[in-house]
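>>> Model the structure of this input:
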Amino acid sequence: MEARPVAGYACTSLSGPAAAMNLHTNPSPAQSPFPRMNGSDVGAVGALLAVFVLTRLLWLALHPSSAVYWEENYRWIAAQEILSGALIPIQDYQADHYQGGSLVMILMTTALFSVFGKSVLAMKLSAVAFSCVTLSLVYAVGRSCFDRTAAIIASAAYIAGPPLVAYWGLVTMGSHGESIAFSLAQILILTAMLRGWRTPSAWAVFGLFAGLGLWFCYTTGISIAACGLTWLCLRGVPSLRELATAIAGTAAGMLPWFWYNATHGFVGLGRVYEVFGYGNPIDPWIDQTRSEKLTNLLARDWPDGLVLPFGNLYSPEVFGVLAKWAYVIPVAIGLAYVGARAIAALLTERRDDGIVFVSYTVCFLAVFLGSSFTIVPVEDAVTYRLLVPPAVILSIAAAGAASAGIVAGGALRTCVAIVTVAALLGSATATLTFASHPMFEGRRIRTDMGYVVRGLLLHRKHEPNINGALADARLVQDPYYRHKTLHGVGWGMEFRFESDGNLSAIEEIAQSLPLEERQSFLSGAAGWAHIRLQQISERSENGVLRPGEDRILQNLERLRAYGKEQWKTIPAEVRNRFHNHPDQKAARAAAALKATEKKRVSED
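As a prediction, the model looks like this:
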């Protein structure tokens, strides 16, 4: 039996399991180690990109509120400030110490503002553009590791969803969602190296994308580890020269990281310590055993998070169940397929680079289970953010399995084709239902909220030196927006207080501030305590209190009581000095609309 050529590479005649698995063989020296993209590939990629851009622009035009994440408000005001004249060094607009990707997206938005003017659509175009790069790389990796059919299916899956992936693909963030592009580039370079591109320049380029990926978002470290594990399995230990070249490339890619951290006391390392249990993270992670984390991941977090990131939005509920497993089962089959290919390769002394998907799964699970990171189910997509990269990367393995079934012909071809179309339609329908759901009405990008988020991020960047956050907040020139930034610092203190209950820290800061700044700070700390009390009390009444929230309720009651007491000491003219500000009026109107819509949805 003759194995078909895969992704433009010559295959020798194989028999038995090797042929059935469509194993790659090493190309001859005259052949390119990269997939040969012909006119059909260019046409396919062009058509897929056109569909993607059209569907995302329609989403933004018809249902923009369902594509908003609250931290985007900061990207909005940061890009405008840079365009009109930066108040701080450009590198300090980075949203936090450990993700240079946020600065990349802010600068992309700034460039788009200069071309198209300041608008939410212009900001969103930065996310759409980055997602187009990711889609192109999904196609390239599918083409390289499998064939054109797999590349098209994987790309179609990315366009269809699932909802979690589709949502983060429209959020201007610079985090896990966008980092997928760097992970896919690493995998693409790895496959070329495995097929003969084993030159110093290859190792340098791989290192460069590894370093840029780490600067952009630390989660790309998982794909770097997966590539390393794959190389060890298929080629053994690299030579010292190859390692040195790769390290040099990585160092070059991480130059922006070194530049930022050298001037900030290498605070970027703090997040690594926190993730692996050696710090004091502000994240609401809970203690779980590794077996609990694994069980929850496979049985709850993976299916629910990818399809139902904001809770069950579907009616009837059975559709939500079907949509979940329509995504989970193909990925499981895809992993089984590439695993079987790898075993068949070993049995025939061949080498199959599709093992990279197995390696990625192993590395992801090792990092997830070995870290302090836990997924606490909430009706918000941010808690499932770590699942976005594996969702996209492993869908390529599922596409490879589907392609193999289709090429096999006969009844298997028909069955696989039907299941593939059903899975894509299910994912697309789930995404459409998510995008158009009324629960998101009232969400929008707001300038005043951008400054509130700025204050929150300043708290996180400077903690425990809150005076540093306050000093940066005072750089905001407009009195109202300075008030909102200080309000955000207070919100950050409330967030930390939920976990540690240290009221004296808030009291000390509040008493050290001038009267107007104290009012701004307390409005954030006590105001957000009131909001959080409402949220958690509602869950308590519904009997769905999460682990540790009974203690958080007690802490919040103390903070709210303190806020009420302090509020009485602030003159009314200070408390109400911005009552008639246009943004304040708009915020009250938006809050009223959101409350009305929430009540209507709950009644329905």
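>>> Val338 contacts Tyr360, doesn't it?
No. When contacts are counted by C-beta atoms under 8 Å, Val338 is not listed as touching Tyr360 (10.0 Å). For glycine as for every other residue, the C-beta is placed from the backbone atoms N, C-alpha and C.
>>> secondary structure element for the nearest residue to Phe258 once chain neighbours are set aside?
The spatial neighbour of Phe258 that comes closest, neighbours along the chain excluded (C-beta to C-beta, 6 or more residues apart in numbering), is Ala251 at 7.9 Å. Following DSSP states H and E, the helix or strand that holds Ala251 is helix 240-253.
>>> Give me the residues contacting that helix.
Outside of helix 240-253, the residues that reach it under the criterion C-beta atoms under 8 Å, 6 or more residues apart in numbering are 198, 200, 203-215, 238, 258.
>>> Stretch 216-227 now?
Stretch 216-227 is contacted by residues 98-101, 104, 174-176, 178-179, 182-183, 186-187, 190, 206, 210, 213-214, 271-272, 275, 356, 359-360, 362-364, 367, 386, 389, 393 when judged by C-beta under 8 Å, 6+ apart.
>>> Buried members of those residues into PyMOL, please.
The following PyMOL command selects only the buried members of these, with burial defined by 16 or more other C-beta atoms under 10 Å:
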select buried, resi 98+99+100+101+104+174+175+176+178+179+182+183+186+187+190+206+210+213+214+271+275+356+359+360+363+364+367+386+389+393
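>>> Okay, and which of the contacts of stretch 216-227 map to strands?
Among those, no residue falls in strands (DSSP state E).
>>> tell me which residues in stretch 417-436 are buried?
Of the residues in stretch 417-436, those buried under the neighbour-count criterion (16+ other C-beta under 10 Å) are 419-420, 423-424, 426-435.
>>> What degree of burial does Ala225 show, as a neighbour count?
Under the neighbour criterion other C-beta atoms under 10 Å, Ala225 is assigned a count of 17.
>>> Give the buried residues for the helix or strand containing it.
For Ala225, the host element (DSSP H and E) is helix 220-235. Using 16+ other C-beta under 10 Å as the test for burial, helix 220-235 gives 220-231, 233-234.
>>> So which of those residues is the closest to His579?
Out of these, the one with the shortest distance to His579 is Thr220. That distance is 46.6 Å, counting by C-beta to C-beta.
>>> which non-adjacent residue is nearest that closest one?
Gly213 (3.3 Å).
>>> List the contacts of the one you found.
If a contact means C-beta under 8 Å, 6+ apart, then Gly213 has 179, 182-183, 185-186, 220-221, 223-224, 253 as its contacts.
>>> can you do 7 Å?
Residues touching Gly213, when contacts are defined by C-beta atoms under 7 Å, 6 or more residues apart in numbering, comprise 179, 182-183, 186, 220.
>>> where's it relative to Val362, distance?
Gly213 sits 19 Å away from Val362, taking C-beta to C-beta, to the nearest Å as the criterion.
>>> So for the strand or helix carrying Glu557, what gets flagged as buried?
Using DSSP H and E, Glu557 maps to helix 549-567. Residues 549, 552-553, 555-556, 559-560, 562-563, 566 are the ones in helix 549-567 that count as buried (16+ other C-beta under 10 Å).
>>> Mind giving me the packing neighbours of it?
Identification of packing neighbours for helix 549-567 by 3 or more C-beta pairs under 7 Å, 6 or more residues apart in numbering; DSSP states H and E yields helix 479-500, helix 503-512, helix 515-541.
>>> lowest-confidence stretch among the ones you listed?
With a mean of 89, helix 515-541 has the lowest mean pLDDT of the helices and strands packed on helix 549-567.
>>> which non-adjacent residue is nearest Val489?
Nearest in space to Val489, with sequence neighbours left out and distances taken as C-beta to C-beta, 6+ apart, is Gly455 at 4.3 Å.
>>> what about the one you found, neighbour count?
Neighbourhood size, Gly455 [other C-beta under 10 Å]: 31.
>>> Confirm for me that it is in contact with Glu494.
No. Counting by C-beta atoms under 7 Å, Gly455 does not reach Glu494; the two are 11.4 Å apart.
>>> list residues touching both of the two?
Residues touching both Gly455 and Glu494 by C-beta under 7 Å, 6+ apart: Gly524.
>>> if you look at the contacts of helix 240-253, which of them are in helices?
200, 203-215, 258 (DSSP state H).
>>> quick one on the thing from earlier: ok now do the residue nearest to Val489, which residues does it touch?
Residues in contact with Gly455, defined by C-beta under 7 Å, 6+ apart, are 473, 485-489, 491-492, 524.
>>> Check it and give its pLDDT.
pLDDT, the model's per-residue confidence, is 97 for Gly455.
>>> Against Ala525, how distant is it?
Relative to Ala525, Gly455 is positioned 11 Å away (C-beta to C-beta).
>>> What of Leu365?
Computed as C-beta to C-beta, the Leu365 to Ala525 distance reads 39 Å.
>>> swap in Ser504?
13 Å.
>>> who's more crowded, these two?
Ala525 (27 against 8).
>>> Excluding sequence neighbours, find me the nearest residue to that one.
With sequence-adjacent residues excluded and distances taken as C-beta to C-beta, 6+ apart, Ala525 is closest to Gly490, at 3.9 Å.
>>> And the one you found, how far from Leu243?
When Gly490 is compared with Leu243 (using C-beta to C-beta), they lie 49 Å apart.
>>> which stretches of the chain aren't confidently modelled?
In the predicted model, the chain carries pLDDT under 70 at residues 1-32, 34-35, 312, 314-327, 346, 348-351, 379, 594-604.
>>> contact partners of stretch 180-195?
Here stretch 180-195 has contacts from 9, 26-27, 33-34, 130, 133-134, 137-138, 140-141, 144-145, 202, 205-206, 209-210, 212-213, 216, 220, 223-224, 227, 230-231, 234-235, 353, 356, 388-389, 392-393, using C-beta under 7 Å, 6+ apart.
>>> what's the distance between stretch 121-130 and the middle of its chain?
Between the mean C-alpha point of stretch 121-130 and the mean C-alpha point of its chain there is a distance of 15 Å (C-alpha atoms, centre = their mean, to the nearest Å).
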